[in-house]
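Peer 1: Just the structure for this:
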Amino acid sequence: MAYEDFATFAHRNTEAIVKVGSFRLFQVYGRDWRNRRRDLGRYFVKSICCRLAEDKVLVPQALKDYMDGTLKVLPNLDMQMNINMAKYELGKHMTETHGESGGSLWLGDHGYMYGAHGQVEGTYSHLGFDWFNLDYQFHFSGKKGRTNFFAGDTVRLERFWPEGMASGDVARVCQDCNKADGERPVGGSEHG
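Peer 2: Numbering: from 1, shown residues only. Prediction:
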């Protein structure tokens, strides 16, 4: 329920959040924002643990203990909420130019973090919906985790463009926008 409330709030307030680069958890959850924030964190941890398990990475007991509430301090994971400006621009383009507003859910591939002697020390990836992005790093060691959404009521979101992308690129690479008039689909769409 905490995730659903957060996603609904993010969808309804996209323009304000992207413009300001922050939101208040109180606006999402009301007076119970501290507990609901913890529930949102657990939801993200569960999603990340499922991804780790899919990639055959052993999920440590400490993360399981965090998910069930036994452990109160986030272990092993660094999680950072941010705004993917390319996905934001894509959403606006699809709605304004093509009349489609279905949204998107996505998961990134796992990469590996290596230590000074070449040993694997953890993995990293991201997940999200529409413009919302959650970057995470999973450390095999028992180090204490951290987030940018447990520091208080206000969550500050860094805006970023993926490497090699800039404002205006979505329209430039949209397959429908760049087809010759005779090649555009009739009665349907094939967006890129």
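Peer 1: tell me the phi and psi of the residue most central in space within the chain?
Peer 2: In the chain, the centroid-proximal residue (Cα atoms, centre = their mean) is Asn133; its distance is 2.4 Å. Here is the backbone geometry of Asn133 (degrees, to the nearest 10): phi -130, psi 140.
Peer 1: And for Trp106?
Peer 2: Per degrees, to the nearest 10, the backbone of Trp106 is at phi -150, psi 160.
Peer 1: Which strands and helices lie in contact with the longest helix belonging to the chain?
Peer 2: If each helix of the chain is counted by residues according to DSSP state H, the longest one is helix 33-54. Here helix 33-54 touches helix 2-12, helix 25-29, helix 61-67, strand 77-84, strand 120-129, strand 132-139, going by 3 or more Cβ pairs under 8 Å, 6 or more residues apart in numbering; DSSP states H and E. Where C-beta positions appear, they are placed from N, C-alpha and C, glycine not excepted.
Peer 1: Just want the angle from that helix to strand 132-139.
Peer 2: Here the directions of helix 33-54 and strand 132-139 differ by 60 degrees (axes from the mean of the first three to the mean of the last three Cα atoms, to 10 degrees).
Peer 1: Show the average pLDDT along helix 33-54.
Peer 2: For helix 33-54, the mean pLDDT works out to 94.
Peer 1: Stretch 100-108 now?
Peer 2: The predicted model assigns stretch 100-108 a mean pLDDT of 84.
Peer 1: what's next to that stretch, contact-wise?
Peer 2: 11, 51, 87, 91, 94-95, 125-130, 189, 191 (Cβ atoms under 8 Å, 6 or more residues apart in numbering).
Peer 1: Taking those residues, please make a PyMOL selection of just the buried ones.
Peer 2: Only the buried entries of those go into this PyMOL selection, using 16 or more other Cβ atoms under 10 Å:
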select buried, resi 11+51+87+91+94+125+126+127+128+129+130
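Peer 1: Return the helix or strand in this protein with minimum mean pLDDT.
Peer 2: helix 169-173 (a mean of 85; mean pLDDT, DSSP states H and E).
Peer 1: and that one, how far from the chain's centre?
Peer 2: How far helix 169-173 lies from its chain's middle: 22 Å, per Cα atoms, centre = their mean, to the nearest Å.
Peer 1: contacting residues for the residue nearest to Cys49 when sequence neighbours are not counted?
Peer 2: Nearest-residue entry for Cys49: Val59, 4.8 Å, with adjacent residues in sequence omitted and distances by Cβ to Cβ, 6 or more residues apart in numbering. For Val59, the contact set (Cβ under 8 Å, 6+ apart) comprises Cys49, Leu52, Ala53.
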